[in-house]
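K.L.:
Prediction below, plus the sequence it came from.
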Amino acid sequence: MKPGCWRIWWKAFRFHYTTASFMPGILGGVIAWTYDGQFHPGYFLLVMLGLLLNHLALNMTDDYYDFHHLVDLFDSHGNPYSGGSGVLSKGWITPGQMRDVFVSFYVIAIGIGIFLGVLRGTFVLLLLIFGFFCAYFYTAPPIRFGYRGLGEIAQLLCFGPGIGLGAYYVQAQRLSWEAFWGTLPFGIMLFSMITINEIPDYLEDRRAGKLNLVARFGRKAGMRLFILSLISAYGAILIGILLGRVPVIGLLGLLTLPIAYRTVSILRRHYEEPAKMAPANLGMICTHNFTAILLIVAYSFEGFKKDALSASLLPLIVLIVLYLPVAALIKKAISSR
């Protein structure tokens, strides 16, 4: 049965993947407050709005061009954590409707970026160009770098230090190694998430000519690349602490290691069985999300000041508001297993 209109668009938005954008954005603002004592609530909220709209547009852009490249038509593996939203292949939304919405979101996001660039510096404009490039041309012709084995690295850079440094710069008006090392684990874990989500799509992507890293080198190589990248993400936290760029309380991020270990165990047993590896895909989403939350909480605790509750608490409030819908979806997924 066809769901209601708002449910269809909510499914098309795939809001649960926006954590890849808003979490490094939140942390970038928190790091600016923790290390520089700089926090401007209005700019912070504008950054959050721009990041959300850009990521929603990215999700729909991927759906739109994957549908045109016939990727969705081959989707038959039964794993709900890979592939697109399916709203186009089911005919619930027309391609033209989806295009109009994601173009509108891009226009607003770019407008916010230009506004912040004018007020806070040209570096913001450079990151805006890079972010739009990564979002739109991931699947859009003529570049389609997600089809050429380059998408994973581009997303690592964009959805980790790229967003983190941008959000930090809007607040502090400079760049810092603290912002780089603090948000690098987010980017590496997103690389891991993209990789594990490509494994169930291996056959479908190859048939459609979407030659990402897993489609190029195979499921087993994808499994090994996933494990290596996940280890590297936790290693980045430890190296950042040893270099003095991440506070010692950042060790909280390692509390998700048991989830990561279980995810790897499931993947190693079922990487050739897409439906059976679905719990591993969910495990990676949880690993990324919970590690990010723990790091944001750690930095917030490090920078907390009783005489500046707005700067100390606003990022946490925004995190709670934005993550509640994601948490509800994760709870539903866990209870339905």
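P.N.:
Done, it's in.
K.L.:
Ile93: neighbouring residues, count only.
P.N.:
Around Ile93 there are 20 other residues, counting by other CB atoms under 10 Å. Glycine gets a C-beta too; all of them are placed from N, C-alpha and C.
K.L.:
Equivalent analysis for Ile163, please.
P.N.:
30.
K.L.:
And the pLDDT for it?
P.N.:
Confidence per residue is given as pLDDT, and for Ile163 that number is 95.
K.L.:
Just the CA atoms of stretch 250-261, as CSV, please.
P.N.:
What follows is stretch 250-261, C-alpha atoms only, in CSV (Å, rounded to 0.1, in the frame of the first residue of the first chain):
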residue,chain,number,x,y,z
GLY,A,250,38.1,11.9,23.9
LEU,A,251,38.9,8.3,24.9
LEU,A,252,35.1,8.1,25.4
GLY,A,253,34.9,7.5,21.7
LEU,A,254,36.5,4.1,22.2
LEU,A,255,33.4,2.9,24.1
THR,A,256,31.9,1.8,20.8
LEU,A,257,34.6,-0.7,20.2
PRO,A,258,32.4,-3.7,21.3
ILE,A,259,29.7,-2.6,18.7
ALA,A,260,32.5,-2.3,16.0
TYR,A,261,33.8,-5.7,16.9
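K.L.:
List the buried residues for that stretch?
P.N.:
Along stretch 250-261, the positions that meet the burial threshold by neighbour count (16 or more other CB atoms under 10 Å) are Gly250, Leu252, Gly253, Thr256, Ile259, Ala260.
K.L.:
Farthest pair within the residues you listed?
P.N.:
Comparing all pairs in these by CB to CB, the longest separation belongs to Gly250 and Ile259, at 17.5 Å.
K.L.:
hmm, back to that, list just the nearest of the buried residues of stretch 250-261 to Thr94.
P.N.:
Distance to Thr94, by CB to CB, is smallest for Ile259 among these, at 39.1 Å.
K.L.:
Can you verify my assumption that Glu152 contacts Val214?
P.N.:
No: Glu152 is beyond contact range of Val214, at 9.1 Å (criterion: CB atoms under 8 Å).
K.L.:
shared neighbours, these two?
P.N.:
Counting by CB atoms under 8 Å, 6 or more residues apart in numbering, the shared contacts of Glu152 and Val214 are Thr195.
K.L.:
Show me which of these two is the more surrounded one.
P.N.:
Between Glu152 and Val214, counting by other CB under 10 Å, Val214 is the more crowded of the two (29 against 21).
K.L.:
show me what contacts that one?
P.N.:
Contacts for Val214 were tallied using CB under 8 Å, 6+ apart; they are Thr195, Glu198, Ile199, Asp201, Tyr202, Asp205, Ala221, Gly222, Leu225.
K.L.:
same thing with Ile110?
P.N.:
Leu128, Phe132.
K.L.:
what's the answer for His55, then?
P.N.:
For His55, the contacting residues are Tyr17, Thr18, Ala20, Ser21, Phe22, Ala135, taking CB under 8 Å, 6+ apart as the criterion.
K.L.:
ok, so of those residues, who is nearest Lys90?
P.N.:
Tyr17 (19.2 Å).
K.L.:
and that closest one, how many neighbours does it have?
P.N.:
The local packing count at Tyr17 equals 19, with neighbours defined by other CB under 10 Å.
K.L.:
need the contact list for it.
P.N.:
Neighbour list for Tyr17: His55, Asn59 [criterion: CB under 8 Å, 6+ apart].
K.L.:
redo that, cut-off 10 Å
P.N.:
Going by CB atoms under 10 Å, 6 or more residues apart in numbering, Tyr17 touches His55, Leu56, Leu58, Asn59, Asp62, Phe159, Leu190, Met193, Asn197, Ile285, Val326.
K.L.:
between the residues you listed, which is closest to Trp6?
P.N.:
Closest to Trp6 out of the contacts of Tyr17 is Leu56 (14.2 Å), distances taken as CB to CB.
K.L.:
how deep is the closest residue to that closest one other than its chain neighbours tucked in, by neighbour count?
P.N.:
What sits nearest to Leu56 in space, not counting adjacent residues and going by CB to CB, 6 or more residues apart in numbering, is Phe13, at 5.0 Å. For Phe13, the number of neighbouring residues by other CB under 10 Å comes to 23.
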